[in-house]
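Chemist: Starting from these lines, generate the structure:
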Amino acid sequence: MELELDELRIILLKERESGKLTQIPPDLYQNASASLAALIKTLYASEDRFFSVQAQLTMEEVNSIRETIQDIFRMRAEKILLLANAEAEGETAARDEVKKMLVSERQMYREITESVQACRRELLDAASDPETLASGHSGIDAMTEEGPGSLSGVAEDRPSLVLARILEDVEPFMAVDGRVYNLLKEDLVTLPEQNAEVLRERNILLSIGLHK
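Modeler: A predicted model of the protein is given here:
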């Protein structure tokens, strides 16, 4: 089944306006590929395939479909990354969100969650293991040599984070957590609650929920 460009744009608009994953057809990407293949086949079957007005319009439609389907994937991937990180931090997974993932997206979600959890165990658990500390071989030794941004004193007085969508571009700034943020319109990010509140008051940020 082929997809019209307008159908893809409606799906993209819904995904952009929602702070959560939206329900999309399970065969969305396959249908988009079928549409591209049909358009390209038509283009190459034309005798004046690169010179007529119709050929130019077909090429523009091909490019628009490609860009739109890539934008849909990017937005959904960003949301899935945030969900995976939240679960790795110990939060309960939102079942309705997981149900809205495609099979491949769900696999990506699980693999990212497991990878973050494994890395967390390797780097952070050693910091609270008396035997490891006594041996002088902490799993975070290499990171503590890096100076700023190391994990010494990790989890102490960490600010609460807010999951939010950025409504317009923001000049780079340093937040209360010491990180420099360079935010662009439509980014889906987690920010310290104090900084998020400032951006919310300026109508630059749409808060989705408390992340941690």
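
Chemist: Now do the contacts for the residue positioned nearest the centre of the chain.
Modeler: Centroid-nearest residue in the chain, with Cα atoms, centre = their mean: E78, separated by 0.8 Å. Counting by Cβ atoms under 8 Å, 6 or more residues apart in numbering, E78 touches 187-188. Just so you know, the C-beta spots here come from the backbone N, C-alpha and C atoms, and that holds for glycine as well.

Chemist: For the helix or strand where E61 lies, which residues meet the burial criterion?
Modeler: Secondary structure assignment for E61, by DSSP states H and E: helix 53-88. The neighbour-count check on helix 53-88 (16 or more other Cβ atoms under 10 Å) flags 55, 58, 61-62, 65, 68-69, 71-72, 75-76, 79-80, 82-88 as buried.

Chemist: for the record, mean pLDDT for that helix?
Modeler: Model confidence over helix 53-88 averages 90 on the pLDDT scale.

Chemist: Output the very next helix or strand once past it as CSV, nothing but the C-alphas.
Modeler: Sequence order places helix 95-99 as the next helix or strand after helix 53-88, per DSSP H and E. Only the C-alpha atoms of helix 95-99 are listed here, as CSV (Å, rounded to 0.1, in the frame of the first residue of the first chain):
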residue,chain,number,x,y,z
ARG,A,95,2.8,0.7,29.2
ASP,A,96,0.7,2.8,26.8
GLU,A,97,3.9,4.3,25.3
VAL,A,98,5.5,0.9,24.8
LYS,A,99,2.4,-0.4,23.2
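
Chemist: Other residues contacting helix 95-99?
Modeler: 20-21, 79, 83, 106, 109.

Chemist: for stretch 196-212, same thing?
Modeler: With Cβ under 8 Å, 6+ apart as the criterion, stretch 196-212 contacts 19-20, 82, 86, 89, 91, 158, 160-168, 170, 188, 190-191, 193.

Chemist: So which of these sit within helices?
Modeler: Among those, DSSP state H puts 82, 86, 193 in helices.

Chemist: pretty sure the last one contacts L163?
Modeler: No. Using Cβ atoms under 8 Å, E193 and L163 do not qualify as a contacting pair, with a distance of 10.6 Å.

Chemist: Show the end-to-end separation of stretch 165-179, please.
Modeler: 18 Å (Cα to Cα, to the nearest Å).
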